[in-house]
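Chemist: here is a sequence together with a model predicted from it:
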Amino acid sequence: MKKRLLSAAAVSFLGMIINAQQIKFEEYDLPNGLHVILHQDNTAPVVTTGVMYHVGAKDEAVGRTGMAHFFEHLLFEGTKNIKRGDWFKIVSSNGGTNNANTTNDRTYYYETFPSNNEQLGLWMESERMKSGTVNQIGVDTQREVVKEEKRLRMDNQPYGNLFTAVQNNLFTKHPYHWSTIGSMEDLNAATLSEFQDFYKKFYVPNNATLVVAGDIKPEQTKKWILEYYGDIPKGTVYPKNFPKDDPITKEKEVTVTDKNIQLPAYVFAYRTPSNKEKDAYILDMLSSYLSSGKSSVLYKKLVDQEKKALQVQAFNQGLEDAGIFAFFAIPMGSTTKSTLQSDIDAEIKKLQTILISEEDYQKLQNQFENQFVNSNSSIQGIASSLATNHVLMGDTNLINKELDIYRSVSRQDIMNAAKKYLNPNQRIIINYLPEKK
C-alpha cells in the first residue's frame, strides 16, 4: 500500500513539474530566408548551436541515393577558413562537442560549447553553410568512410537490412522507398560535380533553420547571427512534390534473405499517416502499449509467458509525408510464422474491439510524460526539438503542446486507430530468412 501511495505522489509531483515547464523561445527570419530560433536558459554555462537543413534521403534522385547522408560526413572536411582535418580539433580544443545526423526528411548539425565560446559555434556553422569544401579528395575520403559504415551497420550486421526491406516494399512510388544511407552502386557512381550541385541546391539559408539554445544574451546573439549569416545569398527552394503511393488494399507477402542470420524474422508492416497528424501520436501510444518494456502485452505473452518468440516488437516510425507501423518477431524454437502471426493478429483484434484498461491507459500516459521530460532535459535536446518542430512539423511551439496532444488521446482513439490502420488487407508481410548456403 505504501508503495502505491509513493508512486502516486511521484506521479503527481512529475505532473506539477511538467505543467510548470514552459519552454520559452523567440523566432524570426533573416532577409535571406534563414529561420532563427533562440532559447535562453542561463542555468548552466553552455550553448548549443544547431542548423537543420530541410534535406534528407527523400530529396535524392533515383540512382543517386545516399547523397544527403553523405553530406553529413562531407561537410566536416573543412571550409574556406577551416583547414581540412581541423574541424574536430577546433571543437575539442575549445571545450566543445559536436555531431550530425540524417533522416529521410532532414539533416542536422550541432555544436555544444561553454557559453564563452558561443560566437565560435555560430561562426563555424556559418562557414559550413557558405563555404563548405566539396572537392575530390574529400569526396573520395568520405565515400570510403560511408561505404565502411554501410558494411558495419547494415550489410555485415545481423538483420541490418531489415528496415530497408520494409521501406522497399511499403513504398514503391515515394522516395521513402530507399534507405538513408543509400546503395554502394549509387555512392560509387556519383561524380564531384553532382556533389557540388547538391550542396548548392540544398545548403542555402532559406532551406535551413538555425537554433541557438542555452546561456545566451539574445541581443548579442542576434548581432553575431546577422554578422555571420546575413550576407549568405538566398537560394532557390524547390517544391517537394513527391509521388504518392496508392493505398494498400490487399495483403502482400515477400521474402528477403540475409547471409548474416541463423534465425528468421517476420515483419507485418502497415503504411500510416504523416507525423503531423494526430493519428501518428495515437499510433505511438498504441505501439508502446503493445511492446514497450517487459510488462507490455506482446512481450509478456510471446516472450515471457508462452516462450514463442525470442524477440517481438511493435514500432511506429513517424515521417514527414507518411508513417510506418510494423510488428517484428523472431520465433523461439519450433514456433512457426503462422503461430506468431495469429497471436499478433489476436492482440490487434482485441484492440479493435475492447478498450484498453484504465490502468494500462494511465501507465501509457505516465510513459509519455516521462519521455517528454527526458527528451527536453538538456539544452541539446531542447535545441533539437525546437528545430525539428519548425522544419518537419511546421510549428515550433509544439515543444509546449506535444504533451497535451498525448494527454488528449483517449482509449477510444486507440481503438479507432487500430480499426483504421491495422487490418490484414492493409499490410505487407516480410519473411526475412537466412540465406541458404
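Modeler: Yep, that arrived.
Chemist: what about the strands in this protein?
Modeler: Using DSSP state E, the strands assigned to the chain run over residues 26-29, 35-40, 46-53, 97-102, 107-114, 208-214, 252-258, 265-272, 309-318, 323-331, 427-434.
Chemist: which one, of those, ends up nearest to residue 152?
Modeler: Checking these against residue 152 by Cβ to Cβ gives strand 252-258 as the closest, at 15.2 Å. Every C-beta, even on glycine, is put in place using the N, C-alpha and C of the backbone.
Chemist: and the closest one, what does it pack onto?
Modeler: With contacts taken as 3 or more Cβ pairs under 8 Å, 6 or more residues apart in numbering; DSSP states H and E, strand 252-258 sits against helix 162-170, strand 427-434.
Chemist: could you dump these to TSV with mean neighbour count and distance to residue 250?
Modeler: Formatted as TSV, the helices and strands packed on strand 252-258 follow (neighbours: other Cβ atoms under 10 Å; distance: least, Cβ to Cβ, whole Å):
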stretch	mean neighbour count	distance to residue 250
helix 162-170	20	13
strand 427-434	19	10
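Chemist: can you list these in a markdown table and add distance to residue 197 and mean pLDDT?
Modeler: What follows is the helices and strands packed on strand 252-258, written out as a markdown table (distance: least, Cβ to Cβ, whole Å; pLDDT from 0 to 100):
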| stretch | distance to residue 197 | mean pLDDT |
| --- | --- | --- |
| helix 162-170 | 25 | 97 |
| strand 427-434 | 35 | 98 |
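Chemist: could you export the ones you listed as a markdown table, including distance to residue 420?
Modeler: Listed next are the helices and strands packed on strand 252-258 as a markdown table, based on distance: least, Cβ to Cβ, whole Å:
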| stretch | distance to residue 420 |
| --- | --- |
| helix 162-170 | 17 |
| strand 427-434 | 13 |
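Chemist: ok, which of these comes nearest residue 323?
Modeler: Going by Cβ to Cβ, the one of these nearest residue 323 is helix 162-170, 9.9 Å.
Chemist: just want the angle from that closest one to strand 252-258.
Modeler: Relative orientation of helix 162-170 versus strand 252-258 (axes from the mean of the first three to the mean of the last three Cα atoms, to 10 degrees): 150 degrees.
Chemist: distance from helix 162-170 to the middle of the chain?
Modeler: 16 Å (Cα atoms, centre = their mean, to the nearest Å).
Chemist: report the separation between residue 124 and residue 382.
Modeler: Residue 124 is 20 Å from residue 382, where distance means Cβ to Cβ, to the nearest Å.
Chemist: which residue is the nearest non-sequential neighbour of the residue most central in space within the chain?
Modeler: For the chain, the residue lying nearest the average C-alpha position, counting by Cα atoms, centre = their mean, turns out to be residue 103 (5.9 Å). Of all residues not flanking residue 103 in the chain, residue 56 sits nearest, at 5.2 Å (Cβ to Cβ, 6 or more residues apart in numbering).
Chemist: tally of neighbours for residue 111?
Modeler: Residues lying near residue 111 (other Cβ atoms under 10 Å) number 26.
Chemist: ok, it touching residue 94?
Modeler: No - contact criterion Cβ atoms under 8 Å: residue 111 and residue 94 do not qualify, at 9.3 Å.
Chemist: need the overlap of contacts for these two.
Modeler: Common contact partners of residue 111 and residue 94 (Cβ atoms under 8 Å, 6 or more residues apart in numbering): none.
Chemist: quick one: the helices in the stretch 151-300 of the chain, in order.
Modeler: 162-170, 184-189, 192-202, 218-229, 278-291, 297-298 (DSSP state H, counting those that start in this stretch).
Chemist: tell me the pLDDT of the residue nearest to residue 103.
Modeler: Residue 56 carries a pLDDT value of 98.
Chemist: do residue 362 as well
Modeler: 96.
Chemist: what is residue 100 paired to in the beta sheet?
Modeler: residue 109 (DSSP bridges).
Chemist: ok, residue 427 to residue 353 distance?
Modeler: Counting by Cβ to Cβ, the gap from residue 427 to residue 353 is 19 Å.
Chemist: circling back to that earlier point, how many neighbouring residues does the residue nearest to residue 103 have?
Modeler: Residue 56 has 23 nearby residues by other Cβ under 10 Å.
Chemist: now residue 276
Modeler: By the measure other Cβ under 10 Å, the count of residues near residue 276 is 17.
Chemist: how much space between it and residue 154?
Modeler: Distance from residue 276 to residue 154, by Cβ to Cβ: 29 Å.
Chemist: end-to-end on stretch 78-90?
Modeler: End-to-end distance for stretch 78-90, by Cα to Cα, to the nearest Å: 11 Å.
Chemist: what mean pLDDT does it have?
Modeler: The average of the pLDDT scores along stretch 78-90 is 97.
Chemist: and the contacts of it?
Modeler: For stretch 78-90, the external contacting residues (Cβ under 8 Å, 6+ apart) are 76-77, 98, 120, 124, 127-128, 130-133, 137-138.
Chemist: just these now: which is nearest residue 311?
Modeler: Lowest distance from residue 311 to the contacts of stretch 78-90 (Cβ to Cβ) belongs to residue 98, with 34.2 Å.
Chemist: find me the pLDDT at the closest one, would you?
Modeler: pLDDT, residue 98: 97.
Chemist: how about it, nearest residue that isn't a chain neighbour?
Modeler: residue 111 (4.2 Å).
Chemist: low-confidence stretches in the protein?
Modeler: Within the chain, the ranges that satisfy pLDDT under 70 run 1-21.
Chemist: hang on, the earlier thing: narrow the contacts of stretch 78-90 to just the buried residues.
Modeler: 76, 77, 98, 120, 124, 127, 128, 130, 132, 133, 138 (16 or more other Cβ atoms under 10 Å).
Chemist: in helices only, show me the residues you listed.
Modeler: If you go by DSSP state H, these have 120, 124, 127, 128, 130, 138 in helices.
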